[in-house]
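Q: Provided below for reference: sequence and predicted model.
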Amino acid sequence: MNLRATTLLIVLILCSLPSFSQDPKNDGDFNYTHIVGMLDSNLGGSSSLLFYNNELWTSNDHGLLRLFSLDTLSGKTKDSLQCGLKFKDMEEVTQDDEYFYFGDFGNNGSRLREDLRIYRVSKGLINQGVCQVDTIFFTYYGYDPSGEGSRGIPTTDFDCESMVAIGDSIYLFSKQWSSLQTVCYSLPKEPGTYVAMPLFRLNVNGLVTGACYYSSPSPTEKKRCVLALCGYSMLVQPFIYLVYDFYDTDFTHGKYEKVIYSSDLGWQTEAIATIDGMHFWVTNENFSRMGVSNSAHLLSIDLSRYLQNYLDHRGGRNSIEEGELLWPTLAPNPTDGMLELFPSNNEDMAKMKVEVWDSQGHPLTDVVKGTCIDLRNHAEGVYIVRMTTPKGGVATRKILRVAKGR
């Protein structure tokens, strides 16, 4: 297949993804936004933010890794952790219970990168001054790094500055310089080499630069989930794009709000974090263009006006009986070759499209047989099951194929 035909195929695949959009909220009242303070000079290009160990942390985005804790009342640096890990262009950090994940995948330079990667660092060891690193290597489905990168204003739609780690997967949200949308990709969060698979698009009408995910901790009630993406417009006006009222990672069945939280331009928002799903911290980096100049700051943003009723169980869908989608479970997983999809009590498997891909993004044919998946003729390794509902909902699940008897 020649380059033109390949490019057309990629465009058709991405355009066929389910897409979702929401008009921005902008009532002229920005009292819910507070400038906490300026960041220290060594954090002028900070692109990451997370809440860990009861503190707010950020890091540098080039050179040797250092994590800095920030005073949430002033934005000043309180403490730091050092690691010998070296970045090329680190644009995001996320976490789960055991690990930090550092996204060295900034991709808006003069040449498109062939070394996209995510570093996994043990939390327990880094607190002891030990930097134990594993690497997740990846590329995007349909990615052609031989193409030209940016010359002046970036044009690639395969840049990324945002990710969250949920369950067994990492979800990437692309920064699309041409389309001003974002595509959500997924890949396993274990070390290895993978092709990130596209799931859906969000019509954010801007450049997405950071992400955070919140899930309510209640063990007895239905969890309330919020995904927040930060970014800015081509005029560098900042926004937060909210996805909420969904189950697990079924972002496509959520509600959507785009909140423009400042009337000023030149606030190049780069990172976002939350502790409760309603109150957020964001950082912007140093900006000096178009006659506008802003230093790097830490901001706090109270979005309880949009989310409190939902998170306090006074709004949104409250139970499975109200039509909440539950995806089928897959078992046994790990599997020695045969596994089954067990549908939930409200899911019609006959109407669901089920696809299986290997870790390199190759679709496997004739392995889905009714509610069974047969991998007995395929090698050990990681496989991805992609499920699509007739209404456009998409979810992925990881399968580990192991040798029989292991």
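A: Received it, and whenever you're ready, just let me know what you need.

Q: report the contact partners of the residue lying closest to I240 once chain neighbours are set aside.
A: Leaving aside its sequence neighbours, I240 sits nearest to V259 (C-beta to C-beta, 6 or more residues apart in numbering; 4.9 Å). Just so you know, the C-beta spots here come from the backbone N, C-alpha and C atoms, and that holds for glycine as well. Applying C-beta atoms under 8 Å, 6 or more residues apart in numbering, we find V259 in contact with 24-26, 239-242, 303, 306.

Q: what are the ranges of the strands in the stretch 101-250 of the chain?
A: In the stretch 101-250 of the chain, the strands defined using DSSP state E, counting those that start in this stretch lie at 117-122, 133-140, 159-166, 169-175, 182-188, 192-203, 207-215, 225-232, 238-244.

Q: centroid-nearest residue for the protein?
A: M163 (2.7 Å; C-alpha atoms, centre = their mean).

Q: tell me how many other residues crowd L125.
A: Counted with other C-beta atoms under 10 Å, the neighbours of L125 add up to 13.

Q: kindly report the same for K123.
A: Residues lying near K123 (other C-beta under 10 Å) number 15.

Q: Y101 is in contact with that one, correct?
A: No. The criterion here is C-beta atoms under 8 Å, and K123 misses it with Y101 at 10.7 Å.

Q: give me the common contacts of those two.
A: Jointly contacting K123 and Y101 under the rule C-beta under 8 Å, 6+ apart are Q95.

Q: one step back: out of the strands of the stretch 101-250 of the chain, nearest to D276?
A: Distance to D276, taken as C-beta to C-beta, is lowest for strand 207-215 among the strands of the stretch 101-250 of the chain, at 7.0 Å.

Q: now the protein, which segments are flagged as low pLDDT?
A: 1-16, 27-28, 147-152, 218-221, 314-326, 344-348, 404-406 (pLDDT under 70).

Q: please enumerate the helices of it.
A: Here the chain has its helices, by DSSP state H, at 3-15, 123-126, 304-311.

Q: which residues belonging to stretch 178-196 are considered buried?
A: For stretch 178-196, burial by neighbour count (16 or more other C-beta atoms under 10 Å) applies to 180-189, 194-196.

Q: closest to L375 among the residues you listed?
A: Using C-beta to C-beta, P188 is the member of the buried residues of stretch 178-196 that sits closest to L375, with 15.6 Å.

Q: for the closest one, which residues make a bridge with it?
A: On the basis of DSSP bridges, P188 is bridged to S169.

Q: surely it meets V382?
A: Yes. Between P188 and V382 a contact is recorded at 5.4 Å, counting by C-beta under 8 Å.

Q: what do the two both touch?
A: Contacts common to P188 and V382, judged by C-beta under 8 Å, 6+ apart, are 194, 359, 398.

Q: could you export those residues as a markdown table, including distance to Q128?
A: Shown next, in a markdown table, are the shared contacts of P188 and V382 (distance: C-beta to C-beta, whole Å):
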| residue | distance to Q128 |
| --- | --- |
| Y194 | 30 |
| S359 | 32 |
| K398 | 30 |
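
Q: looking at the residues you listed, spot the one nearest Y214.
A: For the shared contacts of P188 and V382, the minimum distance to Y214 (C-beta to C-beta) is 22.5 Å, reached by K398.

Q: list the contacts for the closest one?
A: Contacts of K398 (C-beta under 8 Å, 6+ apart): 168-169, 188, 333, 382-385.

Q: quick check, nearest of those residues to G231?
A: Of the contacts of K398, the one sitting nearest to G231 (C-beta to C-beta) turns out to be S169, at 22.0 Å.

Q: wait, the closest one sits on Y185?
A: No. Checked against C-beta under 8 Å, the pair S169 and Y185 is beyond contact range at 9.9 Å.

Q: pretty sure Y244 is touching K223, no?
A: No. If you go by C-beta under 8 Å, Y244 and K223 don't touch, sitting 11.5 Å apart.

Q: and those two? Which one has more around it.
A: More crowded of Y244 and K223, by other C-beta under 10 Å: Y244, with 22 against 12.

Q: show me what that one bridges to in the sheet.
A: On the basis of DSSP bridges, Y244 takes part in beta bridges with V226, K255.

Q: what distance do you get for it to S215?
A: As judged by C-beta to C-beta, to the nearest Å, Y244 and S215 stand 11 Å apart.

Q: what touches both of the two?
A: Listed as contacting both Y244 and S215 by C-beta under 8 Å, 6+ apart are 224-225.

Q: circling back: can you select the buried ones from the contacts of V259 in PyMOL?
A: With 16+ other C-beta under 10 Å as the criterion, this PyMOL line picks the buried residues out of those:
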select buried, resi 24+25+239+240+241+242+303+306
